[in-house]
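1. need coordinates for the below:
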Amino acid sequence: MTPLDRPTDEQLTLRAQSGETGALGLLLARHQASMRAVALSLLGYGPDAEDALQEAALNALRRIGDVRDPVAVGAWLRAIVRNASRMRLRGTRETPGLEGLDRLLLDDQEPNHPERIVDRHAMRDWIWEAVEELPQQLRLVLMLRHFSGIASYREIAAACEVPVGTVRSRLSQARAKMALALTSTAEQAHDDASAVKEGSRQEAEATLRAWESGGLPREISELWPAESEMVGALGRPGEHVHPVPVMRRYLEDGVRQHLRHVVAGRSIAIWEMDITHDGALHVCPPNLAWLMFRREGRVERLRVVFPQPLAQERR
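-> Below you'll find the model as predicted:
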């Protein structure tokens, strides 16, 4: 007999589908043992079973709205684990984490943009709160892989200046920690992820306008304090190089940057730019991305990376 104060699976599913984040957390915790049993029965003890379980938890978050029979949500959760496990047995694993989001087009006007899928989900802010719980190194690779145009392992490795094997390892760790973070943050108050993104977009547009005009208004100069440092391909090892003169030099050489897409958390932001260079002294790639690491709202480090054209197949 079900205690009066213990909600049924049907009640929790309906509450989760209406956007109550804690309800899905309770469902995952309630069925964790049976989900784990399915993974172990197909994959045995080891990291593959754990990875399949983690992927299933994240896929359940994204697809909870697909449940047609809330009473049978336990069977639905086990089926997701079973599918994830069988994909691993076949050796054709799904894209880790938010299941294939990076395969979709990245144009801001395209309704299938990865972030638009999350935005349409009532639990968007919960997802981003869990992302923010990750250590910075893991958070960066997850943001690049699932929410930006820098999605291939090779591109992420180049952007982070680490081997491809390290990228794969960090993504695996990020998936594991995301599953735990989703449960631990279910009942917390979550920041408005769209407001964080919009604030970053306004900063990007204001920065580009200021650099075009040759000045830095106070609000933008506070974003780029004297301690800000350009790192990576446009920096100089052993020297402190401020981003402003570097970017202005490219501007003076005829290179123009046009903001295309923004991915933003509290301490990491990614501004993706399209490039035009009519009459420029240097021919640049068609797009680039700013990876910014922030503390207390100010940019500490900026790394500019040059990803492949968006039309090129991701692998």
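
2. worst-scoring helix or strand of the protein, pLDDT-wise?
-> helix 114-120 (a mean of 44; mean pLDDT, DSSP states H and E).

3. quick one: average pLDDT of the helix or strand following it?
-> Counting by DSSP states H and E, the element after helix 114-120 in chain order, helix or strand, is helix 124-132. Across helix 124-132, pLDDT averages out at 77.

4. my read: residue 293 touches residue 301, true?
-> Yes. With contact defined as C-beta atoms under 8 Å, residue 293 and residue 301 form a contacting pair (4.6 Å). The way it works is simple: take the backbone N, C-alpha and C, and place the C-beta from them, glycine included.

5. pLDDT below threshold where in this structure?
-> Residues of the chain meeting the criterion pLDDT under 70: 1-5, 21, 91-124, 179-180, 182-191, 216-217, 219, 279-283, 308-315.

6. strands along that one, start to end?
-> All strands of the chain, identified by DSSP state E, fall at 229-231, 256-264, 268-276, 287-295, 298-305.

7. with just CA atoms, put the fourth one into CSV.
-> This file holds the C-alpha atoms of strand 287-295, laid out as CSV (Å, rounded to 0.1, in the frame of the first residue of the first chain):
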residue,chain,number,x,y,z
ASN,A,287,34.6,31.8,-38.5
LEU,A,288,36.2,31.9,-35.1
ALA,A,289,35.2,31.6,-31.5
TRP,A,290,36.1,33.5,-28.3
LEU,A,291,36.5,31.2,-25.2
MET,A,292,36.3,33.4,-22.2
PHE,A,293,37.0,32.5,-18.6
ARG,A,294,35.6,34.9,-16.1
ARG,A,295,35.8,35.8,-12.4
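
8. partners of it in the sheet?
-> With DSSP bridges as the test, strand 287-295 is paired with strand 268-276 (antiparallel), strand 298-305 (antiparallel).

9. tell me the buried residues in it?
-> Using 16 or more other C-beta atoms under 10 Å as the test for burial, strand 287-295 gives 287, 288, 289, 290, 291, 292, 293, 294.

10. give the full set of residues in contact with the third one.
-> For residue 289, the residues meeting the contact criterion (C-beta atoms under 8 Å, 6 or more residues apart in numbering) are 148, 149, 150, 159, 270, 271, 272, 273, 304, 305, 306, 307.

11. could I get those residues as TSV with distance to residue 54?
-> Listed next are the contacts of residue 289 as TSV, based on distance: C-beta to C-beta, whole Å:
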residue	distance to residue 54
148	21
149	25
150	23
159	24
270	24
271	30
272	28
273	33
304	32
305	28
306	32
307	27
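
12. of the residues you listed, which is the nearest to residue 220?
-> Nearest to residue 220, judged by C-beta to C-beta, of the contacts of residue 289 is residue 271 at 13.5 Å.

13. residues contacting that closest one?
-> 200, 204, 259, 261, 262, 289, 290, 292.

14. switch to 6 Å and redo it
-> If a contact means C-beta atoms under 6 Å, 6 or more residues apart in numbering, then residue 271 has 204, 262, 290 as its contacts.

15. out of everything not next to it in sequence, what's closest to it?
-> Nearest residue to residue 271 in three dimensions, chain neighbours excluded: residue 290, at 4.3 Å (C-beta to C-beta, 6 or more residues apart in numbering).

16. so that neighbour bridges to which residues?
-> Beta-bridge partners, per DSSP bridges, of residue 290: residue 271, residue 304.

17. residue contacts, it?
-> Contact partners of residue 290, counting by C-beta under 6 Å, 6+ apart, are 271, 302, 304.

18. at 10 Å instead, please
-> Counting by C-beta atoms under 10 Å, 6 or more residues apart in numbering, residue 290 makes contact with 204, 207, 243, 247, 257, 259, 262, 269-273, 299, 302-305.
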